[in-house]
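K.L.:
task: produce atomic coordinates for the following.
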Amino acid sequence: QVEVAESGGGLAQAGDSLRVSCVASVSERALSSYSGAWFRQAPGKEREFVASISWSGGSVNYADSVKGRFSIFRDDAKNTVYLQMRSLKPEDSAVYYCAVSPVNWVGPQISGYEYWGQGIPITVSS
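P.N.:
Residues are numbered from 1 along each chain as shown. Prediction:
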């Protein structure tokens, strides 16, 4: 059983930076054997892929909309996956979800991630 919990969301202004964290409580395997990802869902829209990172951070993947502004990284000693967001835009406002998978991949498909957090809201004002 894996439990995932996000933290660090909140309010920001356009152009600000914000970092969100995802702590995964894993038991049978170390977090280094899980891929991690961030998704987001704005009101009235489908949940969409933001970024992902493979086992031990060897590969990363970003949605075109955040490429160059967001960075995903991990600290397996802390069982944590981070999303560093820079140059925030109002269109980045959404509930952000962290997800992990025991598969070593960086795919953007929602179905590829088995364990999900409850989500954390981020609102960016103009």
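K.L.:
output the below-cut-off pLDDT ranges for the chain.
P.N.:
Applying pLDDT under 70 to the chain flags no residue at all.
K.L.:
mind checking the backbone torsions on the residue nearest in space to the middle of the chain?
P.N.:
Central residue of the chain (CA atoms, centre = their mean): Trp38, 2.3 Å from the mean position. Torsion angles at Trp38 (phi, psi; degrees, to the nearest 10) stand at phi -120, psi 140.
K.L.:
can you pull up the bridge partners for it?
P.N.:
Counting by DSSP bridges, Trp38 is bridged to Ala51, Cys98.
K.L.:
contact partners for it?
P.N.:
By CB atoms under 8 Å, 6 or more residues apart in numbering, Trp38 lies in contact with Val20, Cys22, Val50, Ala51, Ser52, Ile72, Val81, Leu83, Tyr96, Tyr97, Cys98, Ala99. (C-beta placed from N, C-alpha, C; glycine too.)
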